[in-house]
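# how does the following fold in three dimensions:
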Amino acid sequence: MTGAVDLSALKERAQPAQRPAGTAPSGADGPSAPAVVQVTEANFEAEVLQKSDQVPVVVAMVSGRSPGSLDLLEVLERIAVQDNGAWILGAVDVDANMRIAQAFGVQAIPTVVAVAAGQPLADFQGGQSDAQVRQWIDAVLAAVEGKLAGRPAQEGDAEAEAPEDPRFVAAEDALDSGDLDAAVAAYQKILDEEPANAQAKDALRQVQFLARAQTVGPDAVETADANPADVDAQLSAADAELLAQLPEAAFGRLIDAIKRTAGDDRTALRTRLLELFELFDPAEPFVVAARRKLATALY
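Down below sits the predicted model:
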C-alpha cells in the first residue's frame, strides 16, 4: 500500500469521542502498556503520522458492534505489549472516527494497516490467529528495519527525553484550535530565529497550504476546466485537487497550464507547482514523474 494515500491530509481536529464498551485496550493509557494507544481524529497526526517516523504504527480499525474485531484487537494488544515498544498499536473506533476509516479506504471491519514514515506499508482484513498476526507483525518489522528513527528516550531510560520546544508547542496548540493564521505566525517566528530549522520549514509549508486551500470554493475544478486560460482558476483548482488527495491531478493541471503560458503567468504556475512538490517526499514516484514532465514542459 506504500504511497497509496496521503494520510497527512487528515488534519481535521475534533473532540475525542467515547469508545464503545469493550473496545479500549486494557492499560492503553497506563505505564504498563505504552505501546497501545487510542487513536481518534483529534490525535491521528500525533499518534500515527508523527510516531510512525520512529517505529511502525499498526492501526486497528474496529467497532464495538463487531465481536470479531474486538477479538483481533486483544490479539494485537498482547503482541504489542510483548514487543515492548518495537511498534505501536493504535486502536480506532470507526463508529466515532469515520474519517480515519475513509482515509485508509477501509471496506470491511476489522481492518489493520501498518503505517511507517507516514505512509501505509501493509494491511489485512478480518480475524486472524495469534500465529498469523505474529507472522504479519514480524514481516512489517523486517521491512522497516534500519529505516526509521527508533523510539525516543522515555522516563527511566538511560537518557531522558529532551523537553518539548515551547515554540513548537505554541504552534501546535494554535493548529489544534483551528487558528491557522496563528500557527503560520508561530512557525514563521521560529524560522526568523533559525532560518535552517527543517522541522519549522516543513510545518510552515503544510499549514500555509491548508490555510490557502480551505478558502477555495467548492466549484474550483469546474470553473478551471471551463476557463483553461484563467491562471488564477488553475491555481485554485490545483489546491482543491491536492486537498482532495489527488496530487497527480493537481500536478498534471499545472503542468498543462505551463505548456499553454509564457512570461509572468508561466512563472507563477511553475512557482506554485514547486511549492506543492515540497509538501511530499521527493522520492514519491508521482513527484518524480511530475518533475520529469515539468522539465519537458519548460524545455
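
# buried ones in stretch 85-100, by neighbour count?
Neighbour-count burial for stretch 85-100 flags 86-97, 100 (criterion: 16 or more other Cβ atoms under 10 Å). (Glycine included, C-beta is placed from N, CA and C.)

# go on, stretch 101-111?
For stretch 101-111, by 16+ other Cβ under 10 Å, it's 101, 103, 104, 106, 109, 110, 111.

# list just the nearest of these to residue 130.
Nearest to residue 130, judged by Cβ to Cβ, of the buried residues of stretch 101-111 is residue 110 at 15.0 Å.

# if I look at residue 69, how far off is residue 94?
According to Cβ to Cβ, to the nearest Å, residue 69 and residue 94 sit 9 Å apart.

# distance of residue 282 relative to residue 133?
Separation of residue 282 from residue 133 (Cβ to Cβ): 34 Å.

# state the pLDDT value of the spatially closest residue to residue 240 that is not a sequence neighbour.
The shortest distance from residue 240 to any non-neighbouring residue, by Cβ to Cβ, 6 or more residues apart in numbering, is to residue 220 (4.3 Å). For residue 220, the pLDDT comes out at 94.

# contact partners for residue 220?
By Cβ atoms under 8 Å, 6 or more residues apart in numbering, the contact list for residue 220 reads 233, 236, 237, 239, 240.

# make it 10 Å
Residues counted as contacts of residue 220 (Cβ atoms under 10 Å, 6 or more residues apart in numbering) are 213, 233, 234, 235, 236, 237, 238, 239, 240, 241, 243.

# hmm, the fourth one is touching residue 270, no?
No. Using Cβ atoms under 10 Å as the test, residue 235 is too far from residue 270 to be in contact (11.3 Å).

# residue 282 and residue 133: which has the busier surroundings?
Neighbour count, other Cβ atoms under 10 Å: between residue 282 and residue 133, residue 133 has more, with 19 against 9.

# gap between residue 169 and residue 183?
From residue 169 to residue 183 the distance is 12 Å (Cβ to Cβ).

# neighbour count: those two, which is higher?
residue 183 (25 against 12).

# check contacts around that one.
So, once contact is read as Cβ under 10 Å, 6+ apart, residue 183 ends up touching 170-177, 203-204, 206-208, 210-211.
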